[in-house]
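Asker: how would this look folded up:
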Amino acid sequence: MSLRFGSYPTPLWPVPRSEAGARELWVKDDGQTSPVYGGNKVRKLERLLAVAARRGARRVITFGAAGSHHALACAIYAREVGLEATALLVPQPWTPHAESVLRAGLATGLHIVPCRSTWSMLRMLRTLHRPGDFIIAPGGMGLEGTSAYMGALLELREQASARGLRSVDAIFVAAGSGSTAAGLLAGVVAAGLSTRVVAVQVARGSALRALIVAQAARALWHERRSFDVVRLHRALHIERAYVGDGYGRPHAEGERATALARSFGLSLDPTYTAKAFAAALRAITQTGCSERAGKLGLSGAQTYLYWHTLSSAPVTALIERAPAPLPPELVELLPKPRLGAGANAVG
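Answerer: Alright, predicted model coming up:
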């Protein structure tokens with residue numbers, strides 16, 4: 001059984017040259033995977049929910065932070081195939097965007113289980129799990145999610161060729177669970193390209209590189225592609241400069257990137273895409289261009305690509321159907337900063 005929620009290929013377009021500075025920047029817009037709800041989760045859920053259906057699942061259980069786009073997408077698309085959806089969520093700092101996503105999830109019928117930490121989340125899973133449940137990892141990480149983006153890299157190559165774009169020197173993408181970056185990395189290595197995948201880290205932690213490489217290696221092995229782990233490492237750069245105060249907290253450069261992106265019709269969120277787009281903008285601007293390219297191993301490179309992962313589909317109708325105000329137990333999932341506490345970090 002196969003499922004198709006999205007419409008492909010998703011758009012590929014250049015950032016206006018006046019904004020891109022000295023280097024060329026293109027956008028691969030997976031925000032437009034679906035008019036129902038887009039973003040990078042759609043490609044992954046087509047595969048994951050097909051597996052769930054084949055196994056006769058009745059409910060999907062997934063995990064994330066309070067404003068998880070992944071949890072919302074799971075709820076929307078699980079419902080399309082007749083499955084219930086439950087999400088175990090941990091707190092993240094309040095932003096208007098995070099609250100909107102949480103409220104939209106409630107409107108879809110998503111069963112939200114608040115958890116205080118990752119450990120309490122795992123304990124709760126043991127309590128909730130029942131026959132007929134299908135577990136989806138955070139962000140759709142794992143073989144199916146990675147393989148989806150290995151295929152998306154092939155889609156990009158075909159589009160680029162049709163547009164006369166001979167090569168892409170670096171692909172910038174936000175990295176939480178790392179499965180989107182892992183799929184792109186696997187695709188790059190399988191195709192023998194010289195492209196670097198720049199995974200823009202959005203949360204603190206030192207395991208992201210290992211997580212991405214492991215997922216990419218598994219996808220390549222599953223496809224029976226020969227690969228060299230050293231080559232995987234060389235084709236991957238982890239950009240840590242935009243983590244700032246941590247997951248869910250805006251970054252000053254991300255806010256500037258958001259304003260610029262809005263001027264040509266691209267909407268960003270503070271947790272993921274603002275940080276990734278800010279990293280791409282810094283890499284292509286004339287100031288510090290040579291220094292940044294050197295750090296990325298891209299000396300002389302001219303063409304960069306930002307892979308957009310945030311849904312462009314409006315969720316206004318969903319939010320209007322959500323309970324207001326939020327139930328007290330869910331309010332605690334979105335703690336607001338104390339008066340005088342800084343929310344931004346300049347990296």
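Asker: Any figure for the gap between the nearest residue to A50 once chain neighbours are set aside and I135?
Answerer: Nearest non-adjacent residue to A50, counting by Cβ to Cβ, 6 or more residues apart in numbering: L3, 4.7 Å away. All C-beta spots, glycine's among them, are computed from the backbone N, C-alpha and C. L3 sits 18 Å away from I135, going by Cβ to Cβ, to the nearest Å.
Asker: circling back: contacting residues around the residue nearest to A50?
Answerer: Counting by Cβ atoms under 8 Å, 6 or more residues apart in numbering, L3 touches 45-47, 49-50, 53, 81.
Asker: Just put those in TSV and tack on pLDDT and secondary structure.
Answerer: Formatted as TSV, the contacts of L3 follow (pLDDT from 0 to 100; DSSP: H, G, I helix; E, B strand; the rest coil):
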residue	pLDDT	secondary structure
L45	98	helix
E46	98	helix
R47	98	helix
L49	98	helix
A50	97	helix
A53	96	helix
V81	96	coil
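Asker: which residues of this protein fall in strands?
Answerer: With DSSP state E as the criterion, the chain has strands at 12-14, 24-29, 59-65, 84-90, 111-114, 133-135, 170-175, 196-201, 236-239, 303-308.
Asker: what about the residue nearest to A50, distance to A214?
Answerer: Going from L3 to A214 by Cβ to Cβ gives 26 Å.
Asker: for G6, same thing?
Answerer: The value you get for G6 to A214, if Cβ to Cβ is used, is 26 Å.
Asker: Those two - which one has more neighbours?
Answerer: The neighbour count for G6 versus A214, taken as other Cβ atoms under 10 Å, is higher for G6 (21 against 16).
Asker: and that one, what is it in contact with?
Answerer: Counted by Cβ under 8 Å, 6+ apart, G6 has contacts 33-34, 38, 42-43, 46.
Asker: quick check, nearest of those to S179?
Answerer: Comparing those against S179 with Cβ to Cβ places R43 closest, at 10.3 Å.
Asker: I'd guessed the closest one sits against T146; true?
Answerer: No. R43 lies out of contact with T146 (Cβ atoms under 8 Å); the separation is 10.6 Å.
Asker: Tell me which of the two has more neighbours.
Answerer: Neighbours around R43 and T146, counted as other Cβ under 10 Å, are more numerous at T146. The numbers are 32 against 27.
Asker: isn't Y8 right up against E155?
Answerer: Yes. Counting by Cβ under 8 Å, E155 is a contact partner of Y8 at 6.3 Å.
Asker: Got the domain ranges for the protein?
Answerer: 12-39+141-308, 41-139 (automatic domain parsing).
Asker: per-stretch mean pLDDT over these, give me the minimum one.
Answerer: The stretch with the lowest mean pLDDT among these is domain 12-39+141-308, at a mean of 91.
Asker: how about the residue lying closest to L106 once chain neighbours are set aside, what does it touch?
Answerer: Here the nearest residue to L106 in space, its sequence neighbours aside, is A322; by Cβ to Cβ, 6+ apart that works out to 4.7 Å. Neighbour list for A322: 103-104, 106-107 [criterion: Cβ under 8 Å, 6+ apart].
Asker: Compare the residues you listed and tell me which is most surrounded.
Answerer: Using other Cβ under 10 Å as the neighbour test, the contacts of A322 are led by A104, with 26 neighbours.
Asker: That one and E329, how far apart?
Answerer: For A104, the distance to E329 - Cβ to Cβ - is 18 Å.
Asker: Count the residues that sit near A324.
Answerer: For A324, using other Cβ under 10 Å, the count is 9.
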